[in-house]
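The sequence and its predicted three-dimensional model are supplied below.
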Amino acid sequence: MGYTSTIFGSELTLHENEILDQAYRIKFHNVAIVSDHYDRKKQPPSSDLERLSFFDGTLLAFISPDQVDIKEYPQAGTIKGSVDKFEYVNQFYVGHGDIFCIYFLILPTEYFPKKFIVPNEPHFAARVGEQIRITWWFKEKFEVKIEIEKNPKKYLKFDFIDSPTFSEKHPGALASYREVQNLTAKVLGEIARP
């Protein structure tokens, strides 16, 4: 969880024996606090803390809806290989290196990340509902190269990947994460009071 200005992402789907890539850009007018660890269904209702859920609860932003612009466009990345096993490559250049952006990749049902090539580890990856969603946090520019495979058994066994060194590499993100933890605890405490 941390401050971000933009979320980029791709949702891969299997359609008529072809992998399709639907891309998204979510731009915040002001900097937003975003979590890639939260599940919408686990969040209690609160009138004090305005939050938006994106992509079936896989990303949660603490910001007013009128501060958000969402754009969709097709085929953002390059897909090489077969429907059963392929390599996905994508890159972004944001142009400002002072704040984090997020890139997410949602895999089709029964597909799992066989190999992370660039970068060699994600910030977070988890099976959310019927799909696996992977996120990376970056500044200024980003490239992802990942090998993806259809394997129902491995897909069902996939739980999550959490990068334990992310906060150590980025102390500013750790500070904002703690700030949001404190804010969430305060709001939840106020809700729990009779």
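The structure has been received and is ready for your questions. Numbers count the residues shown, from 1 in each chain.

contacts, neighbours, all on C-alpha from now
Will do.

Please report how far Ile148 lies from Leu12.
Distance, Ile148 to Leu12, using C-alpha to C-alpha, to the nearest Å: 11 Å.

Which parts of the chain are helices?
In the chain, the segments counted as helices under DSSP state H are 152-157, 166-169, 171-192.

and the longest one, average pLDDT?
In this case it means helix 171-192. Taken as a whole, helix 171-192 has an average pLDDT of 57.

do the first one as well
Averaged across helix 152-157, pLDDT comes to 86.

Which strands and helices lie in contact with that helix?
Judged by 3 or more C-alpha pairs under 8 Å, 6 or more residues apart in numbering; DSSP states H and E, helix 152-157 is in contact with strand 111-118.

So what touches the strand it packs on?
For strand 111-118, contacts defined as C-alpha atoms under 8 Å, 6 or more residues apart in numbering pick out 122, 131-132, 143-152, 154-155, 158.

out of the residues you listed, which is most surrounded?
Ile132 (24 neighbours; other C-alpha atoms under 10 Å).

Hmm, Ile148 and that one touching each other?
No: Ile132 is not in contact with Ile148 according to C-alpha atoms under 8 Å; the separation is 11.0 Å.

Now do the buried residues in stretch 80-98.
Across stretch 80-98, burial judged by 16 or more other C-alpha atoms under 10 Å covers 85-90.

before we move on, back to that, out of the contacts of strand 111-118, who's nearest Ile99?
Closest approach to Ile99 among these (C-alpha to C-alpha): Glu143, at 16.9 Å.

In contact with that closest one, which residues?
Taking C-alpha under 8 Å, 6+ apart as the contact definition, Glu143 lies against 89-92, 118-119.

what's the closest of these to Pro65?
Nearest to Pro65 among these: Phe92, at 24.6 Å, using C-alpha to C-alpha.

Any idea how many residues pack against Gly2?
Gly2 has 24 neighbouring residues, counting by other C-alpha under 10 Å.

what's across from the closest residue to Leu52 other than its chain neighbours in the sheet?
If the residues on either side of it in the chain are set aside, Leu52 comes closest to Ala61, at 5.1 Å by C-alpha to C-alpha, 6 or more residues apart in numbering. Applying DSSP bridges to Ala61 gives these bridge partners: Val34, Leu52.

Check whether Ala61 really touches Ser35, as I assumed.
Yes: Ala61 lies in contact with Ser35 (C-alpha under 8 Å); the separation is 6.4 Å.

Span of stretch 96-112 from start to end?
End-to-end for stretch 96-112, by C-alpha to C-alpha: 32 Å.

before we move on, what about stretch 82-98?
39 Å.

what's the average pLDDT for it?
Mean predicted confidence for stretch 82-98 is 86.

just the strands in this protein please.
Along the chain, counting by DSSP state E, strands occupy 2-14, 19-35, 52-54, 59-62, 68-74, 78-81, 85-93, 101-106, 111-118, 124-128, 131-138, 141-150, 160-162.
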